[in-house]
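Peer 1: Structure here, sequence nowhere to be found:
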């Protein structure tokens, strides 16, 4: 029994089911991020928690109280919208205290709450301005302030940073994280940006086509993705997924895979139970940062496999250099140190950290668990 | 208004400018000609007009035709002038405009932000009322007014104009509110505002431009209406009917100067509404509500 419970919740529009049996339990103080591409149902789910959309079946409860059919204003939630949704005719101060006013909180208390939140978000000097006179970042702060003033049980964020420019987005992301660590509030946060999801959350729910594909901590999602979809959605550049065949060598399972010249190479697995897959095809998943030069390889790893392969193109990106090569008939991206000496069109000694490699069943695309 | 900027697609030289302004000037004079004739003749004694100097400025200036038209001219049987009918029109127009605008705003708000099953059909039917010619409803309307006991009264006329106005005012407000961000309504719902509170505190304050449009449209239409006024006015006929009675009277001398003054009096209120309300026409009141 969590603080916010989503039990067996589905949503249909007419005959079309857009959310299928979602089960998520959020503990008090958790920062849950719903992440997925557009149309995956994440915003619908958030709106259902808010009470802006009805629930077709299942239960949503906050603090143990089932809130299906309870009016949004009576759920003790606050929401920050993608467009900020500030009331254009009111000043910042009026915007922030409108909710309290509607709930019949006396003026003195409203002003006190406004002062506190204004100080917290450093927008005290903006309180008399209209939203039209604010910059994007300031509007974002006001929108958060409006939510904070209410002191709700659950905060809902609907892609709050997607209207900001890149630099401001990173700043506000840090700010939201700081705020959460300071206030220990329960937050449900919707985004399509996997970096936001990784950096902010205590847990992530990756959604796709109305299903929760995987629910777990950022590390679980990143290191042990439940299926090929999660593996390729999280991480930038995406995880390399290539077809391979399991072969036994010295009693240990290896991934047999063709290099750029069509020669079979064997990459030793760290996952003994793959022996059961001997002679069968799998999908091999390796993150770009697990493919490096030998000097850049992870020193803590017990399974670094060397591989000599032809270098495709190189893309220096400042902090890293991305190197493309062909493996298993797919274009594979490796992430090198910026000063790694890689030359396009020549052979290079790669080092693959197979401890971090994952294997997927090619039929179901589910991960083969160790 | 912000500073005037040159915002035309084609740069124009001096000669073209002169040409453009010349044409504009000619058209302006053309359009102002009738007004000039009306004003100058309304300030002449009748003799000057019948003497054939219709286009000239008055040689003897007089306000007597205006006084006549306002308070002494023979309208129908009584020598009352247009004054009582002017008051009838005001008493009819103001409530009719206010009520139809408020109802249109509420309809638009419901149709866009509280959508329900069949809302499109209802909107379609409301729109339909914009296309029904007045003449078709005369007899059914007369029956309804008779049954309600409102026949021949100002409240009856108000009802007729409100019913006819709702179609247009709903159309205006619905289209305006459909581009109003729904997230604002949702935010207000979460903040705990109810149906009317959202309307009053969130929607109406940013509806300035469309209120102005609706008021101008409704005011002009209702003020200028003749058919309903003549059919259902009874003892409380509006200005348009009185003007007709003044100008069309077939007995006695045609007092053209009084007619001109009366016609201008009848047109003044709509002119006034355009001038006063037009200033609020173009202001962008939505700035800053969402990402700009």
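Peer 2: That came through fine. None of the values given here were measured: they were computed from a predicted structure.
Peer 1: Single out the residue in chain A that lies closest to chain B.
Peer 2: residue A:132 (2.4 Å; Cβ to the nearest Cβ). From N, CA and C alone the C-beta is placed, and that goes for glycine too.
Peer 1: hang on, that residue packs against residue A:87?
Peer 2: No: look at residue A:132 against residue A:87 with Cβ atoms under 8 Å: they stay out of range, at 11.1 Å.
Peer 1: So for the two, which residue has more residues nearby?
Peer 2: More crowded of residue A:132 and residue A:87, by other Cβ atoms under 10 Å in any protein chain shown: residue A:87, with 23 against 16.
Peer 1: Which segments of chain B make up each domain?
Peer 2: Following automatic domain parsing, one finds the domains of chain B at B:14-72, B:83-278.
Peer 1: Quick check: which of those domains is nearest to chain A?
Peer 2: domain B:83-278 (3.5 Å).
Peer 1: ok, the closest one near chain A or not?
Peer 2: Yes: using Cβ under 8 Å from any Cβ of the partner chain, domain B:83-278 reaches chain A at B:181, B:183-184, B:186-193, B:197, B:201-202, B:205-206.
Peer 1: ok, the residue lying closest to residue A:36 once chain neighbours are set aside - contacts?
Peer 2: Leaving aside its chain neighbours, residue A:36 sits nearest to residue A:207 (3.7 Å; criterion: Cβ to Cβ, 6 or more residues apart in numbering or on different chains). Residues near residue A:207 by Cβ atoms under 8 Å, 6 or more residues apart in numbering or on different chains: A:34, A:35, A:36, A:40, A:41, A:42, A:45, A:213.
Peer 1: What score does the fifth one have for pLDDT?
Peer 2: So that's residue A:41. Looking at residue A:41, its pLDDT is 87.
Peer 1: What is the neighbour count of it?
Peer 2: Residue A:41: 22 surrounding residues under other Cβ under 10 Å.
Peer 1: circling back to that earlier point, can you tell me which two in the residues of domain B:83-278 next to chain A are farthest apart?
Peer 2: Spanning the widest gap among the residues of domain B:83-278 next to chain A are B:192 and B:206, at 20.0 Å by Cβ to Cβ.
Peer 1: Surely residue B:173 is in contact with residue B:104?
Peer 2: Yes: here residue B:173 reaches residue B:104: they are 4.9 Å apart, a contact under Cβ under 8 Å.
Peer 1: Most neighbours among the residues of domain B:83-278 next to chain A, which one is it?
Peer 2: residue B:187 (30 neighbours).
Peer 1: Quick check: the nearest residue to it once chain neighbours are set aside vs residue A:6, distance?
Peer 2: Leaving aside its sequence neighbours, residue B:187 sits nearest to residue A:85 (Cβ to Cβ, 6+ apart; 4.0 Å). Going from residue A:85 to residue A:6 by Cβ to Cβ, to the nearest Å gives 24 Å.
Peer 1: which one of the two has more residues nearby?
Peer 2: residue A:85 (27 against 24).
Peer 1: Helix, strand, or coil at the more buried one?
Peer 2: Per DSSP: H, G, I helix; E, B strand; the rest coil, the secondary structure class of residue A:85 is coil.
Peer 1: Enumerate every residue touching residue A:330.
Peer 2: A:240, A:241, A:242, A:243.
Peer 1: Now the buried members of those.
Peer 2: A:240, A:241, A:242 (16 or more other Cβ atoms under 10 Å in any protein chain shown).
Peer 1: And for the residue nearest to the first one when sequence neighbours are not counted, the neighbour number?
Peer 2: What it means is residue A:240. Spatial nearest neighbour of residue A:240, excluding adjacent residues (Cβ to Cβ, 6+ apart): residue A:332 at 4.6 Å. Using other Cβ under 10 Å, residue A:332 has 22 neighbouring residues.
Peer 1: Quick one: mean pLDDT for the host helix or strand of residue A:332?
Peer 2: Per DSSP states H and E, residue A:332 falls inside strand A:330-337. Per-residue pLDDT over strand A:330-337 has a mean of 91.
Peer 1: Tell me the strands beside it, with direction?
Peer 2: Here strand A:330-337 has these sheet partners by DSSP bridges: strand A:320-327 (antiparallel).
Peer 1: tell me which residues of the strand or helix carrying residue B:32 are tucked away?
Peer 2: Taking DSSP H and E as the definition, residue B:32 sits inside helix B:14-42. Neighbour counts over helix B:14-42 (16+ other Cβ under 10 Å) mark B:38, B:40, B:41, B:42 as buried.
Peer 1: what's the answer for stretch B:89-98, then?
Peer 2: B:89, B:91, B:92, B:93, B:95, B:96, B:97.
Peer 1: Tell me who's in contact with the last one.
Peer 2: By that I understand residue B:97. Residues near residue B:97 by Cβ under 8 Å, 6+ apart: B:165, B:215, B:218, B:219, B:222.
Peer 1: Can you read off the pLDDT for the second one?
Peer 2: Translated: residue B:215. According to the prediction, residue B:215 has pLDDT 87.
Peer 1: Over to residue B:282?
Peer 2: We have a pLDDT of 51 for residue B:282.
Peer 1: most tightly surrounded among the domains of chain B?
Peer 2: Compared across the domains of chain B, domain B:83-278 shows the largest average neighbour count, a mean of 18 (mean count of other Cβ atoms under 10 Å in any protein chain shown).
Peer 1: re earlier: among the buried residues of stretch B:89-98, which lie within helices?
Peer 2: Counting by DSSP state H, the buried residues of stretch B:89-98 place B:89, B:91, B:92, B:93, B:95, B:96, B:97 in helices.
Peer 1: List the contacts of the lengthiest strand in chain A.
Peer 2: Criterion DSSP state E: the longest strand present in chain A is strand A:304-316. Residues outside strand A:304-316 that contact it (Cβ under 8 Å, 6+ apart): A:259-261, A:265, A:267-268, A:294, A:297-298, A:321-327, A:331, A:338, A:342-354.
Peer 1: now stretch B:168-176
Peer 2: B:100-101, B:103-105, B:107-109, B:111-112, B:123, B:126-127, B:130, B:207, B:209-210, B:213-214, B:217-218.
Peer 1: and the stretch 251-370 of chain A, which residues reach chain B?
Peer 2: So the stretch 251-370 of chain A never meets chain B (Cβ under 8 Å from any Cβ).
Peer 1: Let me see the ranges of the strands in the stretch 251-370 of chain A.
Peer 2: Along the stretch 251-370 of chain A, counting by DSSP state E, counting those that start in this stretch, strands occupy A:252-258, A:264-268, A:281-286, A:291-293, A:304-316, A:320-327, A:330-337, A:347-353, A:358-360.
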